[in-house]
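**Q** 3D model of this:
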Amino acid sequence: MDLKQLQYFVTCAQTGSVSEAAKILYSTQPSVSKVVKALEDSLGMQLFERLPRGIRLTPQGSQVYRYACKIVGEVTKLEAMADHGMTKWLRISANPSSWFATQFVDFYNENYDRNYHFQIYTAGVRTVMERVRDYLDDVGFVYILERQKEDFFYELSRNRMEFIPLHETEAIVYPGGKSFLYGTEKESLSYEELDGVRLVQNYQDEFFDIGAAENKESFSWKGLDISVITNSDYIMERLLKNSDVANISGSYLSENKKDTLPGIPLKMEGSRVIFGYVRHRGEEMDSSLKEFICFLEERIGSGK
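**A** Model prediction:
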């Protein structure tokens, strides 16, 4: 077993396709397959199931993947140190958020002379959790619904992770410029009043539909009309400006959506949104990451 085998294995697992992995690795499909087969032979186990279209990890492969991600990630750090000296890398994943993007840019500018380097990845809650779990990122910032905490914490506990809340706010419905809710001056909305409202969402941002805990019904979007699912703030803002869709997100932490009303509070039990970060339980956090988290806490406290 060598590093090349682990790198090829991780890339295949992340793409779910040997051919796609070959493109990323600047190799050929037969060559990638040969390297992965050599890793399987050396470990004495099958790592992938071959499907009609693509591949997926076996249960044993999933376990190996977690260790391989950590090894490959640490080697990447070492290579960066060799290229740039004692450069500090901050590896962060987060739910898509204009507010978070603004804070990151401000932090970067304030620390420009400190030679920090950053890896930023945006995705839904489950993907953020998995990236932190697999040591692809050091910390992940997420928004979750209050009523989803139990399922969320169950998922974290299974993977020796923890969630540190930074702020709690109410869920807000942002009606688009052509929505029938626009200009109604409602003080609040109930869940039932969302009937007939088309939504644009990255629904995993609020940890909907995770359904982790056994014998429990998780909150879901069933009954609501989600017309568009996207992780692009640009698409969301343009839809809110030029169409009849609305968006549900967490007060100013998800950005006061441009060209909409300030937003209408959603009155529903357990609908408050909690913003915070996930990390490995019991592991020491780098000082630069602590600085970034303190920076976010100060910005939240000042209302910026």
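**Q** Could you pull out the helices in the stretch 101-250 of the chain for me?
**A** 125-133, 149-158, 233-242 (DSSP state H, counting those that start in this stretch).
**Q** Go through those and pick out the most buried.
**A** helix 125-133 (a mean of 21; mean count of other C-beta atoms under 10 Å). Any C-beta I mention is one placed from the backbone N, CA and C, and that applies to glycine too.
**Q** helices or strands up against that helix?
**A** strand 88-94, strand 139-145, helix 149-158, strand 161-169, strand 273-280 (3 or more C-beta pairs under 8 Å, 6 or more residues apart in numbering; DSSP states H and E).
**Q** pull the CA atoms of it into PDB?
**A** The C-alpha trace of helix 125-133 is given here as PDB (Å, rounded to 0.1, in the frame of the first residue of the first chain):
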ATOM      1  CA  VAL A 125     -25.400  20.200   6.100                       C
ATOM      2  CA  ARG A 126     -24.800  16.500   5.500                       C
ATOM      3  CA  THR A 127     -21.900  17.100   3.200                       C
ATOM      4  CA  VAL A 128     -20.400  19.600   5.600                       C
ATOM      5  CA  MET A 129     -20.600  17.000   8.300                       C
ATOM      6  CA  GLU A 130     -19.000  14.300   6.200                       C
ATOM      7  CA  ARG A 131     -16.200  16.500   5.100                       C
ATOM      8  CA  VAL A 132     -15.300  17.400   8.700                       C
ATOM      9  CA  ARG A 133     -15.800  13.700   9.700                       C
END
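**Q** could you list every residue that touches His167?
**A** By C-beta atoms under 8 Å, 6 or more residues apart in numbering, the residues touching His167 are 253, 274-276, 300.
**Q** Any chance you could list what contacts stretch 192-203?
**A** 95-96, 124, 173, 175-176, 179-181, 209, 221, 223-231, 235-236, 239-240, 244-248, 266.
**Q** What of stretch 101-114?
**A** 88, 92, 116, 118, 120, 233, 291-292, 295-296, 299, 304.
**Q** nearest to Glu187, of the helices of the stretch 101-250 of the chain?
**A** helix 233-242 (20.5 Å; C-beta to C-beta).
**Q** about what we covered before: show the buried residues in the contacts of His167.
**A** 253, 274-276, 300 (16 or more other C-beta atoms under 10 Å).
**Q** which of the residues you listed sit farthest apart?
**A** Of all pairs in the buried ones among the contacts of His167, the most separated under C-beta to C-beta is Ile274 and Ile300 at 12.2 Å.
**Q** Now do the end-to-end distance for stretch 44-59.
**A** Stretch 44-59 has its terminal residues 14 Å apart, counting by C-alpha to C-alpha, to the nearest Å.
**Q** The lowest-mean-pLDDT helix or strand in the chain vs helix 125-133, what angle?
**A** In the chain, no helix or strand scores lower on mean pLDDT, DSSP states H and E than helix 59-84, which sits at a mean of 79. Helix 59-84 and helix 125-133 meet at an angle of 70 degrees, taking axes from the mean of the first three to the mean of the last three C-alpha atoms, to 10 degrees as the criterion.
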